[in-house]
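>>> what's the 3D shape of this:
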Amino acid sequence: MNKNTILLVFLIGSIFQYLYVPAQNTQIDVNLDINHVVGGISEFDRSKFITVHAVMTGNDWNGEDAHLKYLFEDLDVHMGRDNGAMPWQYNQANEDPSRPGYVDPEWMASQGQYYRETVYGQQHASRHQYEGNQELVIGGQNIPFWPGSTTNPCCGKTGWDIAGSEATGDFMGRFVNEFFRDEGQLSTKGPKRPKYLEIINEPLWHFVDQGSNDPIDVFNYHNTVADGIRVHNQEIKIGGYTAAFPIFEENNFKRWEERMKLFMDHSGDKMDFFSLHFYDFDQQWISGWDGPVHYKGGRLEATFDMIEQYSHMKRGSVKPMYISEYGGRDLELESDPWTPYRDWVTLKAMNSLMMQFMERPDVLIKTIPFIVTKAEWGRDQETGVPYGPRLLRQNFENPGDTGDHWVFTNLVQLYEFWQGVNGTRVDTYSTNPNIMVDAYVKGNTAYIVLNNLGFQAETVDLNLLGDNGNTITAIETRHLHLTGNESVIDIDRPQKLPDNMEIGAEASVMIKCTFTQEVQIDETSNEEKYYADTYYQPIAAGTPANFNFNNLNLAAHGEAVLRIGVGRDHGKSLRPVVKVNGTTVPIPAEYRGDDQNKRPRFFGMLEVPLSYDLLQSDNTVSVEFGDSGGHISSVVLQTFGFTREVARSEPEVPVAGVKPNLNAQVEVFPNPTEGQIKLVLPAGLGSGRVQLKTLGGKILISREIKPKETSIDLGALSSGIYVLTGKTEQGIFTKKINIL
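Model prediction:
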């Protein structure tokens, strides 16, 4: 056989919160022989995605050598963020006697040497072996970094007033130089110098939403601090404004105009990257926010595209982004003691967001889930309730268990689910926007990951293609889902590919396939994004908004997706008339994620598949709605250039303008076959045409069919798997044919 086909039957219904769709099988194609390259990147970078919000030098790891060993050696997790060390040292620092309000340079030099050579070089010597798993972004906190602050030292020392943002920039630049070793020095001389620095953590939340400052005050602060850092260090990459929960569509996009856009305009030239935080909130969290906020799905895509497109329009390229926190929260639970269900709220958001981040390996520097270690600093002093998203908890926190020793919380399942995943990204395709798929190949092993964005389950057919006759010898499946009130990873090692597998709502499945021989990847899919010459257009009924895409680099074979970001009040249409070079294209009936019906308005992404033949070097796209209100936030053209033709499974999700899928009504037998098949087309479906193709898309047979039994002779073909596609007056169908 030339292919192994896995049938995954996900048995719980497929009714989404926002749209009723009759139960259908989502088709998933994985082409093992096609390298999927995004912006020149095709290798899975665990240091970018498999990360924890912690540092090796944290006191929370004292006495936890076994946990560190498991995390680093068994799970290959990477540490990524430290925004505690720099504020601590600022608070302890001595004031410069000759320049009031500034740090004493002599204190910085001596304390930095002590930290490098004694604290890190000697006290943490046992952890140096894991240094390869740590590349940090460091950052400041609101205290003592914001102007007007006074240092707050421990141990009876007296604080001093910080002179202002120039003084803070001076301190940060000296800190970067003095507290980290120079390139090429041994670890006994200190920790590696970080490559990235965030100026301050979530400043608009602290100083605008909860304070009396204007955003421009914060952005001026960024500029001055950045200048101060670069007096001492030109190498470190500086970023901001570390935006907490960017909700661009608020107040008819005033939040975009007055925050992110203003920052990009005012401080973009000073920043090397933009820093953002994303959280899914399952419950309303403060007065004035109506209902939950779910970034996973279309909201995240629309948010990223709006930043990327404006960045490209303003500077000719997309400035990279650093996601230094992300996760999921339910604030109604956070004041209560730890429960495994609270960990599930975090896990389900993290896996979904991570897979969307992985679609942008060329734009995102690093992504860090907000999972901290023990976080005793966050324990409520009145109730004793510990902090929320912790990697370690005390054993007695689980009802029925005893002992105050530290054990992993269920959040470790994020890393256990992704354990071992590595290699080259290969081509994947899903007919359902709410079933995400990604796949990687390393040697003779393939890792296929599925994630369900929907709030109810799906039925999926997963077609594993392009193995060129390679035989699967071992299988492992991991199923991360909710059972009762606790997340679990069910692991199975079947002797053969399973006929069916269950997955719950918002769950994930990993399928690890080991082959006899190394999987050959000898074809390429090159993904590129083209940004329109305009963005952020108000929607006026019956008035087309036009967007131009010029100088496209088109391959001989390819696919394309038009990405339309939309922010509108509920009840407004999400089904525009879209024309590409004058040709009207069909609009999918579904979009990624939920309909946000508990939010004041919808902000999401319409992903419109295009016929590659419609595209040319220069292109015009028009988007026209039938009603007024809201904005088109961005329009981006995503292309995939292939080195060979690729046959895709037909979508079974209804698409406007496309006839429904008839798979359940059309019968093909025998299958497998030794050379001849019979195709039975029920009366009433009309006449049509059927084509038999190779997995690479080459058409071998093309003939008309009638509403009756039709015989097709396949005896001249080699054994293997082929794709039979048909179209009649009433619909379309796709069948996989196995010739023995």
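>>> show me where the stretch 1-150 of the chain has strands.
4-6, 25-38, 51-52, 78-82, 134-139 (DSSP state E, counting those that start in this stretch).
>>> for those strands, which one sits closest to residue 605?
Of all these, the one in closest proximity to residue 605, counting by Cβ to Cβ, is strand 25-38 (17.3 Å). All C-beta spots, glycine's among them, are computed from the backbone N, C-alpha and C.
>>> Against which helices or strands is that closest one packed?
Contacts of strand 25-38 with other secondary structure elements, assessed using 3 or more Cβ pairs under 8 Å, 6 or more residues apart in numbering; DSSP states H and E, are made with strand 424-430, strand 435-442, strand 445-452, strand 459-465, strand 523-531.
>>> What residues are bridge-paired with residue 437?
Note on residue 437: beta-bridge partners by DSSP bridges are residue 450.
>>> Which pLDDT value belongs to it?
In this model, residue 437 is scored at 96, pLDDT.
>>> Look up how far residue 451 lies from it.
Residue 437 sits 8 Å away from residue 451, taking Cβ to Cβ, to the nearest Å as the criterion.
>>> which of the two has more neighbours?
residue 451 (25 against 20; other Cβ atoms under 10 Å).
>>> okay but the more buried one is in contact with residue 508, surely?
Yes - checked against Cβ atoms under 8 Å, the pair residue 451 and residue 508 is within contact range at 4.8 Å.
>>> Okay, the most far-flung residue of the chain relative to its centre and residue 377: tell me how far apart.
For the chain, the largest distance from the centre (Cα atoms, centre = their mean) belongs to residue 98, which lies 49.3 Å off. As for residue 98, its distance to residue 377 is 35 Å (criterion: Cβ to Cβ).
>>> again with residue 540
The span separating residue 540 from residue 377 equals 52 Å under the rule Cβ to Cβ.
>>> Between those two, which is the more surrounded one?
Between residue 540 and residue 377, counted using other Cβ under 10 Å, residue 540 has the larger neighbour count: 13 against 10.
>>> Was I right to think that one contacts residue 627?
No - taking contacts as Cβ under 8 Å, residue 540 lies outside contact range of residue 627: 9.3 Å.
>>> ok, residue 601 - how many residues close by?
Here the count is done by other Cβ under 10 Å, and residue 601 has 19 residues near it.
>>> What residues are bridge-paired with it?
According to DSSP bridges, the residues that bridge with residue 601 are residue 569.
>>> OK, contacts around it?
249, 567, 568, 569, 570, 630 (Cβ atoms under 8 Å, 6 or more residues apart in numbering).
>>> Tell me the spacing between the third one and residue 624.
Read it as residue 568. 14 Å.
>>> higher neighbour count, those two?
More crowded of residue 568 and residue 624, by other Cβ under 10 Å: residue 568, with 21 against 16.
>>> What sits closest to the more buried one if chain neighbours are left out?
Computed as Cβ to Cβ, 6 or more residues apart in numbering, the closest residue to residue 568 that is not its neighbour in sequence is residue 630, at 3.3 Å.
>>> Surely that neighbour is in contact with residue 570?
No - with contacts counted by Cβ under 8 Å, residue 630 stays clear of residue 570, the gap being 10.3 Å.
>>> Between the two, point out the one with more neighbours.
Neighbours were counted for residue 630 and for residue 570 using other Cβ under 10 Å; residue 630 has more, 22 against 13.
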